[in-house]
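Q: Sequence plus the predicted model coming up.
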Amino acid sequence: MPSNDSFFQDPKKAAAVLKHGILRRYLAKFAGATATTAPGRRVAFIDGFAGEGEYRHLLTGVTEAGSPRIALTIAQDLRARDINLECTFIEKRPEAFEQLEALVQSSGDRFALALRGDIGDHYEDAVGRAAHAPTLVFLDPFGRSLDHDRTVAALAARGDTVPTELLLNFSLQAVRRMGARLYESEEAQGRAATLANLDSWLGGEWWQEEFLNEKLLELPREQRAHPAALAVWERYASRVRDALGYHSYDVEIRRKPTDKPLFMLALFFPRINALYSYNDHVSLAAQDWRRFLAEMEFAEAEALDETDPLLGESRLAEAKRRFADDEEATKRQAIDDVKDSVTLHLSKLGYLHVSKNLDKVLGAAVGIARETHIRAAWKELAAEGVTNGCPKGSLEKQTIWRA
Ligand SMILES: C[S@@+](CC[C@H](N)C(=O)[O-])C[C@H]1O[C@@H](n2cnc3c(N)ncnc32)[C@H](O)[C@@H]1O
């Protein structure tokens, strides 16, 4: 069994649990929902930084699905509902591409396509191939992504008649690393090329203002890059939203709760009604991620219990109890956050539509709370005389009124 330390040194792993948990749920939902009105019930998924398709963990030997295998499995499931999810995968690294191609071939999916090479050589064609089909584009590089201008131009050119969404995994660590080179001397080797690379990724030099912000420059150099990268992300997301006329919802992707986020996984979407189910998917994936981290602790505790048993409660039993308590506390906090936010906003607005005002309903619990927590909060508020009663069934289209 890997120790937690060696496990967490594999940056793909824990972060991927959250990312894949969201992708798996949302791609199935997107395809199922958009296919009903799509010509030929065709829906497209474009995975621009696809990777090898599945990963074999070096230490455990366990095979984990990467985004291509997740998408191919969903495509297979949807075929039973007469929906064609047509997947295009792009991968640059030759060894990864070979594995990806073998996976696609072995899937027997005649609509799936694996393209070898740089995303820059395939992107517009891949989007063009999906011209009349609702399309989810997934861009998930380790480092820099495709140039901003090209990323949005091909999507904007599709107009607003065909549903088009972008799931972007934005590498904060790459922005931190590349952007911090601004603080080096102008002659430093590779500095100019790195900064130019960042300019074309982010679509201009605007990001430099964030790294050169006066307040930030008062901090020691090693503390600047993280807040600068977060500020760059905020502006970048707003540029994508403005270019496409979209909304966005982002989730911090990190290895463990105490680490700095490595990525911002953001969904850019045109219609606000995607938000309610997406938030549910995020909340469930975050729960998977917490359980995954706990299971690593359980494995470590169990191994220690075997080699060095304790007299009283075992380490494993203690770790399991702590996890159950933490989950209970997370749930209670999520309900309390929803109650606080609903109470605050009802005092000003008088009513809140659950999905149209989702940000005001969830408050600080965004991405943690989902329908089950909203229901619990609403019932408590009703019992306290603050709101109307909570109805049965889906809450998505319901309205909370001030009592
Ligand atoms: C984070 S991994 C992809 C993980 C995959 N999306 C998943 O969820 O399983 C990024 C992949 O992009 C590939 N890559 C890097 N630069 C690329 C480029 N310019 N064009 C296409 N692929 C690229 C890398 O070789 C790597 O396999």
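A: Happy to help now that I have it.

Q: Could you find the residue in the stretch 201-350 of the chain that comes nearest to the ligand?
A: residue 263 (9.1 Å; CB to the nearest ligand atom). (Each C-beta comes from the backbone N, C-alpha and C, glycine too.)

Q: Distance of that residue relative to residue 376?
A: 31 Å (CB to CB, to the nearest Å).

Q: okay, these two: which has more neighbours?
A: A count of neighbours by other CB atoms under 10 Å puts residue 263 above the other of residue 263 and residue 376, at 24 against 18.

Q: Okay, and the beta partners of the residue nearest the centre of the chain?
A: A centroid search over the chain (CA atoms, centre = their mean) returns residue 265, at 3.4 Å, as the residue closest to the centre. Per DSSP bridges, the residues bridged to residue 265 are residue 169, residue 251.

Q: Pretty sure it sits against residue 169.
A: Yes - under the criterion of CB atoms under 8 Å, residue 265 makes contact with residue 169 at 5.0 Å.

Q: joint contacts of the two?
A: 19, 253 (CB atoms under 8 Å, 6 or more residues apart in numbering).

Q: what about the protein, any weak spots by pLDDT?
A: For the chain, residues meeting the criterion pLDDT under 70 lie at 1-12, 58-60.

Q: Can you give me the domain assignment for it?
A: 4-287, 317-401 (automatic domain parsing).

Q: for the last one, how far is the first residue from the last?
A: Translated: domain 317-401. Using CA to CA, to the nearest Å, one end of domain 317-401 lies 44 Å from the other.

Q: buried ones in the strand or helix carrying residue 329?
A: Here residue 329 sits within helix 315-349, counting by DSSP states H and E. For helix 315-349, a neighbour-count test (16 or more other CB atoms under 10 Å) marks 315-316, 319, 323, 330-331, 334-339, 341-343, 345-346 as buried.

Q: ok, and what's touching the helix or strand following it?
A: Next along the chain after helix 315-349, taking DSSP H and E as the criterion, comes strand 351-353. Applying CB under 8 Å, 6+ apart, the contact partners of strand 351-353 are 342, 345-346, 360-361, 397-402.

Q: For the residues you listed, which single residue is the most surrounded?
A: In the contacts of strand 351-353, the most neighbours by other CB under 10 Å go to residue 400, 27 neighbours.

Q: Spit out the contact partners of it.
A: Contacts of residue 400 (CB under 8 Å, 6+ apart): 342, 346, 351-352, 354, 361, 378, 381, 387-388.

Q: residues contacting whichever residue of the chain sits closest to the ligand?
A: Across the chain, the shortest distance to the ligand (CB to the nearest ligand atom) belongs to residue 66, at 2.8 Å. By CB under 8 Å, 6+ apart, the contact list for residue 66 reads 16, 20, 50-55.

Q: Mind telling me the two of the contacts of residue 400 farthest from one another?
A: 361 and 388 (14.0 Å; CB to CB).

Q: which other residues reach the strand or helix carrying residue 123?
A: Here residue 123, judged by DSSP H and E, is contained in helix 119-129. Residues outside helix 119-129 that contact it (CB under 8 Å, 6+ apart): 44, 46, 48-49, 88, 90, 92, 113, 115, 135, 137, 139, 146-147, 150-151, 154-155, 158.

Q: Convert it to PDB, retaining C-alpha atoms only.
A: Only the C-alpha atoms of helix 119-129 are listed here, as PDB (Å, rounded to 0.1, in the frame of the first residue of the first chain):
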ATOM      1  CA  ILE A 119      -4.300  20.800 -30.400                       C
ATOM      2  CA  GLY A 120      -3.400  23.900 -32.400                       C
ATOM      3  CA  ASP A 121      -3.400  21.700 -35.600                       C
ATOM      4  CA  HIS A 122      -6.800  20.100 -35.000                       C
ATOM      5  CA  TYR A 123      -9.000  22.400 -32.900                       C
ATOM      6  CA  GLU A 124     -11.000  24.300 -35.500                       C
ATOM      7  CA  ASP A 125     -11.500  21.100 -37.600                       C
ATOM      8  CA  ALA A 126     -12.700  19.200 -34.500                       C
ATOM      9  CA  VAL A 127     -15.200  22.000 -33.700                       C
ATOM     10  CA  GLY A 128     -16.200  22.100 -37.300                       C
ATOM     11  CA  ARG A 129     -16.800  18.400 -37.400                       C
END
